[in-house]
Structure formats: C-alpha cells, structure tokens
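# Need coordinates for the following:
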Amino acid sequence: MPASPSRPAPSAHPLTSDRRRRPDPTTLQVARGLGWFSLALGVAEVTCGDAIARWLGMPRSGPLVRAYGVREIVQGAGILGSQDPTPWIWARVAGDGLDIATVLPGLADDRHRGNALFALAALGGVTALDVLCAQGLSHAPLNPSEAVRADYGRRSGFPKGVEAMRGVANDVRPMDIIGPEAMRPWTSAA
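Prediction:
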C-alpha cells in the first residue's frame, strides 16, 4: 500500500527514527538511563580530559578525550530529547567503537596497561548494553498506521427501520408464568 502524501513512508533502515515504533517500557527506560550516563560521562571527559588521558597512558590525547566528551553530551541530549532515541543509541554504539579503538594503544604501555584493561572492560560492558538497547529499539513492533474504526454513524439499532418497529410490541401477549406451587396464587391474574 503506498504511503499517503501527508505522511512520509516508513524507513526500513534500523538507524533512522520511526515515531511509529513502540518499544517496551524497559527498553525505553534503559535508553533514558544511557542518555543520562552519556551526559555525566561527557561532562567528566570535558572537565577532566587531560587527567583521563594521563591515567590511560596517553598524555597527549587530552583534547581528543574532551572532544569525545562533547560527543557524549550531544548524544545524551539527543537520547533524552527525542521521541524515538533509536538513532542516538546507535550513535552511542559507533562512539563506543571509536572509544575502544582509541584506548587499545594504551595496552602497549606497561605502566598503564591495567588502567587500559579496566577502561576496555568498562567500554565492553557499556557497548554490550548499547547494542542490546539499540536492537530492542530497532526491532520494536510498529503501531498500526491507521486507526481501525467501524463507522456506526448511520445506524439506528432498528434493522427494518424505525417506522417498521412502531406498534409491533402492542400485539405481544405476556406468557403465563409457571412457578413453584406455593407461588401460583400470586402469579395468575384472574
């Protein structure tokens, strides 16, 4: 069925937004949590970028960590401010891959290898959560595109019409009620 001119055709790509998706409340709650996490992480990276870079054994990467912080803040605001956070959660997944690629060279430094391993483990856990949330949002069922409603506006409740019903009940005689023996004197109207 072609899309109506007033409504754009739904997108088949999982990274794009589709307001008609209705994910389960738990997935939406996880997405909101990831949005708040992005904001907090972004603020930490922007304010402490040089210290984080030194802790990872990459002292010249402070500006890069701060730039990643700005990315996190934008993603967090996008997740929390949009009706459909799906593309923003997928952006987090892409950012996680970038973060992992940035931290991997820190494994070469013997003094900071433990810190880099810790950071990679944390990134791996957050990436797994991001991927699961993104998939849950992308594969959520769609709301019906059109409301299914029957139009009963022209129905009166009388299948043969109102005029055919007038006076029909006048010909009906009440039936004799047969009840228990003790009640019979009160049921017969003589």
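# Give me the three-state assignment for the spatially most central residue of the chain.
Nearest to the geometric centre of the chain sits residue 23, at 3.6 Å (C-alpha atoms, centre = their mean). Following DSSP: H, G, I helix; E, B strand; the rest coil, the label given to residue 23 is coil.
# Look up phi and psi at it.
In terms of degrees, to the nearest 10, the main-chain angles of residue 23 are phi -70, psi 160.
# Residue 126 versus that one, what's the distance?
Distance of residue 23 to residue 126, computed by C-beta to C-beta, to the nearest Å: 19 Å. For every residue, glycine as well, the C-beta is placed using N, CA and C.
# host element of residue 110?
Using DSSP states H and E, residue 110 sits in no helix or strand.
# switch to numbering from 46
Done: numbering now begins at 46, and the last item shifts to residue 155.
# burial measure for it, as a count.
Each residue near residue 155 was counted by other C-beta atoms under 10 Å, and the total is 8.
# Could you do residue 167 as well?
Counted with other C-beta under 10 Å, residue 167 comes out at 12.
# In a helix, it, correct?
Yes: under three-state DSSP, residue 167 falls within a helix.
# which non-adjacent residue is nearest residue 145?
residue 168 (5.2 Å; C-beta to C-beta, 6 or more residues apart in numbering).
# and the one you found, what does it touch?
Applying C-beta atoms under 8 Å, 6 or more residues apart in numbering to residue 168 gives the contacts 141, 144-145, 148.
# from those residues, which would you call buried?
Among these, those scoring as buried are 141, 144, 148 (criterion: 16 or more other C-beta atoms under 10 Å).
# wait, what's in contact with the last one?
By C-beta under 8 Å, 6+ apart, the contact set of residue 148 is 101, 161, 164-165, 168.
# Which single one of those is nearest to residue 118?
Residue 118 lies nearest to residue 168 out of those, by C-beta to C-beta, at 17.8 Å.
# Can you check the pLDDT for the closest one?
Residue 168 is assigned 95 on the pLDDT scale.
# how close does it sit to residue 203?
Residue 168 is 71 Å from residue 203, by C-beta to C-beta.
# which of the contacts of residue 148 lies closest to residue 132?
For those, the nearest to residue 132 is residue 168 (20.9 Å; C-beta to C-beta).
# how close does the closest one sit to residue 113?
11 Å.
# can you check residue 145 too?
12 Å.
# for the record, mean pLDDT for stretch 225-235?
Averaging pLDDT along stretch 225-235 yields 64.
# Actually, stretch 105-114.
Mean predicted confidence for stretch 105-114 is 93.
# which parts of it are buried?
Across stretch 105-114, burial judged by 16+ other C-beta under 10 Å covers 106-107, 110-111, 113-114.
# Closest one of those residues to residue 181?
Among those, and counting by C-beta to C-beta, the member closest to residue 181 is residue 113, at 25.0 Å.
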